[in-house]
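1. what follows is a predicted protein model with its sequence.
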Amino acid sequence: MDRIANVRTVLLSSPYADAEDPEIKECFPNGPKRTIGMVEVTLEDGTTGIGEGYLAVFAPLVFKAIVDLCTPYMVGRDGLDIAARVRDLRSVCDYWSLQGAARHVISAFEIAMQDARAKRLGVPIYDMLGGAQHDKIVIYGSGGCCDRKEQFWRELDLLGDKGIGLYKIRSVKHDVLRTAWILEEAGARGIGVAVDMCQNLADPPQAVDDVVAFIEAVHGETSERIVFVEEAIGPDDPAGFRELRSRTDVHVYGGEIITTPKEMIDRINDGVYDAVQPDASVIGGISAVLDIFAAAKPAHVGVVVHAWGGAAAIMASYHAAFAAGGMMVEWPMLDFPLADEMMGEEGLIVDGHLLRPTAPGLGVTLTPEIEARYPFDETAVYSCKLSDYGPPPDDYWRR
């Protein structure tokens, strides 16, 4: 009854954001449409579980190929012995992808098995993992990839409607006046601003001096203060993150692209970040995120889960946060109808807080009708090779 009878890859593509959003112009060469990749695990009794790997946003066919490679090692084995199945998957993949693409696929399998196990028990995943530590968690709005004032205003209105008091924007080191402008606009509404400096895509990345100069320049333009900077240094420079922490009083966050708990825990113990940002669809699943929480607590390092995939990825990170006592989580603001439809009321935000989900498993819905509405489009991929589209000049942002 507990053995895995079938594994299915599900690739779906949905309209995403707005054609005029800078992220679309920079990173989606074929327009505002995005793909997610899921693994559906079916047990012998018909119980299904859904998991997601973030890899499919960038390379959906690579995601499917790795799932196909792993499937023979999963079918016929106990799908509720999650730790054993993860060991099997690592035996298949670690030699050639200890860090990277295969970890996203392992994440999808792990989340799917967690979903199936909790559905079998008729409880939300966090209940199966010891219960929720809170009934609600503070949420911050993640957007701010804007190059026009009206785009920022639209997102600030959305934050205000949901009672959210923290807004993360995207800025690079040259965006001093733009960043100061949005700090002032948000501050007038009682909303704080954090800055993702996007160095997880930069090659070569910026230096610590660049980040310090950026922070000081922004703070020289406004009395408002940046709440935290994220991915301000390249991912292969943990010493740079440590140095940055010693040179600014702005909190330093990072880690969304780290794909093994060991690497993130090593960084926690080395004092690299004020807060880490594990993603269940990247780092090995829900159990891996719980390992991060356990290591971070004695080190007095915060954990703020990253949530930027589809419904299964987002809800997996949210369940981990409820189970581990997370104090804040990310909410992706860009319009994504597929994720919204799959999540339904389970990702409910009230007065700036994510409410504890109540449905069994992850609480996501996948039906034949949903699959028919969002067929896979091979051209709907995120490109990390950015297009330069020429944003407004600095003078546009002068107050």
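-> Arrived safely, thanks for sending.
2. helix, strand, or coil at the spatially most central residue of the chain?
-> Nearest to the geometric centre of the chain sits residue 307, at 2.7 Å (CA atoms, centre = their mean). Here residue 307 is recorded as coil under DSSP: H, G, I helix; E, B strand; the rest coil.
3. just give the nearest non-adjacent residue to residue 28, would you?
-> Nearest residue to residue 28, sequence neighbours excluded (CB to CB, 6 or more residues apart in numbering): residue 382, at 6.4 Å. In this view, the C-beta of every residue, glycine as well, is placed from N, C-alpha and C.
4. for residue 48, which non-adjacent residue is closest in space?
-> Counting by CB to CB, 6+ apart, the residue nearest residue 48 is residue 42, at 5.0 Å.
5. so residue 226 touches residue 197, yeah?
-> No: here residue 226 does not reach residue 197: they are 10.4 Å apart, not a contact under CB atoms under 8 Å.
6. on that earlier part again, name the element the residue nearest to residue 48 belongs to?
-> strand 33-43 (DSSP states H and E).
7. got the domain boundaries for the protein?
-> Here the domain assignment for the chain is 4-124, 127-362, based on automatic domain parsing.
8. next, count neighbours for the residue nearest to residue 28.
-> Neighbour count for residue 382, taken as other CB atoms under 10 Å: 18.
9. which SSE is it in?
-> Residue 382 belongs to no helix or strand, assigned by DSSP H and E.
10. surely it is in contact with residue 36?
-> No: distance between residue 382 and residue 36: 10.8 Å, which falls outside the contact criterion (CB under 8 Å).
11. which neighbours do these two share?
-> Both residue 382 and residue 36 are contacted by residue 57, under the criterion CB atoms under 8 Å, 6 or more residues apart in numbering.
12. who's in contact with residue 306?
-> 255, 256, 277, 278, 279, 282, 317, 330.
13. give me the element residue 137 is part of.
-> Taking DSSP H and E as the definition, one finds residue 137 inside strand 136-142.
14. now the element after that strand, going C-ward?
-> Next helix or strand after strand 136-142 toward the C-terminus (DSSP H and E): helix 149-162.
15. so for that next one, mean pLDDT?
-> In this model, helix 149-162 has a mean pLDDT of 97.
16. report the longest helix in the protein, please.
-> helix 101-121 (DSSP state H).
17. pull the CA atoms of whatever helix or strand comes next after that one into PDB?
-> Following helix 101-121 in sequence order, the next helix or strand is helix 125-128 (DSSP H and E). C-alpha atoms of helix 125-128 as PDB (Å, rounded to 0.1, in the frame of the first residue of the first chain):
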ATOM      1  CA  ILE A 125       2.300  18.700   6.300                       C
ATOM      2  CA  TYR A 126       3.300  20.900   9.300                       C
ATOM      3  CA  ASP A 127       1.100  18.800  11.600                       C
ATOM      4  CA  MET A 128       2.800  15.600  10.400                       C
END
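18. what's the spacing between helix 125-128 and its chain's center?
-> Helix 125-128 sits 20 Å away from the centroid of its parent chain (CA atoms, centre = their mean, to the nearest Å).
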